[in-house]
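K.L.:
Fold the following for me, if possible:
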Amino acid sequence: MVRSVWHRSMLAMLGLCAVALVASLHLSTGASTASTSTAPAGTSRAASAVPECTNADLHADYRPRGAGAGHRYGVVRLRNTSDRTCVVQGYGGLSYVGGGDGTQVGAAADREPGRAGRVLLEPGERALSRVDETVAENYPRGACRPAPVDGFRVYVPDSTRSQLVPHATTGCRSTSVHLVSHRPFRG
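P.N.:
Residues are numbered from 1 along each chain as shown. Below you'll find the predicted structure:
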């Protein structure tokens, strides 16, 4: 008698576990289907018919976001200052500049892996690219050859024209030391 009560309890418990497992699988499958069929914010399937943003359409700036353990983090923002909708996609170009005249200081920024989707920008909207900086003082002076930095040279994706954005720091003249990396622009 004790054994049959125990068996019934175990069977009931196993049944509940099976129902919970099936329900969780169903919910997780439904959630992933919904997220893959929905376009991310700031993007659209119709964006392919919209022209690419040019350097003249956008204003670049930099916003610091934090620091720690010899690194600084921030974002380069591109704001659509035109009166038309346009699209930004992928990586721009980024490097330190100095000397008060826009001369490049050290190596250009490395590109970190990331999804490079199309970002639809209505007038006034922004696209963001995360920027990670390693502090120059982390490197031996002889290997780095420290130099003052006035800011960033920012290239809009698929453009050969650039904008200078203020950001005072210290860089490395040596192009073998890579202090800056960035990700694709996102909405």
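K.L.:
Domain boundaries for this structure, per the record?
P.N.:
1-38, 47-182 (automatic domain parsing).
K.L.:
As CSV, these with mean pLDDT and mean neighbour count would be great.
P.N.:
Yep, even glycine has a C-beta here, placed from its N, CA and C like the rest. Shown next, in CSV, are those (pLDDT from 0 to 100; neighbours: other Cβ atoms under 10 Å):
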stretch, mean pLDDT, mean neighbour count
domain 1-38, 37, 9
domain 47-182, 96, 17
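K.L.:
Quick check: Phe185 touching Val154?
P.N.:
No. Between Phe185 and Val154 no contact is recorded; they are 10.8 Å apart, counting by Cβ atoms under 8 Å.
K.L.:
what is in contact with those two at once?
P.N.:
Counting by Cβ atoms under 8 Å, 6 or more residues apart in numbering, the common neighbours of Phe185 and Val154 are Leu78, Gly92.
K.L.:
Who are the packing partners of the one helix or strand His167 maps to?
P.N.:
Using DSSP states H and E, His167 maps to strand 162-172. For strand 162-172, the packing partners by 3 or more Cβ pairs under 8 Å, 6 or more residues apart in numbering; DSSP states H and E come out as strand 58-68, strand 93-98, strand 146-155.
K.L.:
give me that answer again for 10 Å
P.N.:
strand 58-68, strand 71-80, strand 93-98, strand 103-105, strand 126-134, helix 141-144, strand 146-155 (3 or more Cβ pairs under 10 Å, 6 or more residues apart in numbering; DSSP states H and E).
K.L.:
okay, the third one in CSV with CA atoms only?
P.N.:
Same thing as strand 93-98. The C-alpha coordinates for strand 93-98 follow below in CSV (Å, rounded to 0.1, in the frame of the first residue of the first chain):
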residue,chain,number,x,y,z
GLY,A,93,36.4,54.9,-39.8
LEU,A,94,37.9,56.1,-36.5
SER,A,95,41.3,57.3,-35.4
TYR,A,96,43.0,59.7,-32.9
VAL,A,97,44.1,63.1,-34.2
GLY,A,98,46.4,65.7,-32.6
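K.L.:
Appreciated, that's everything.
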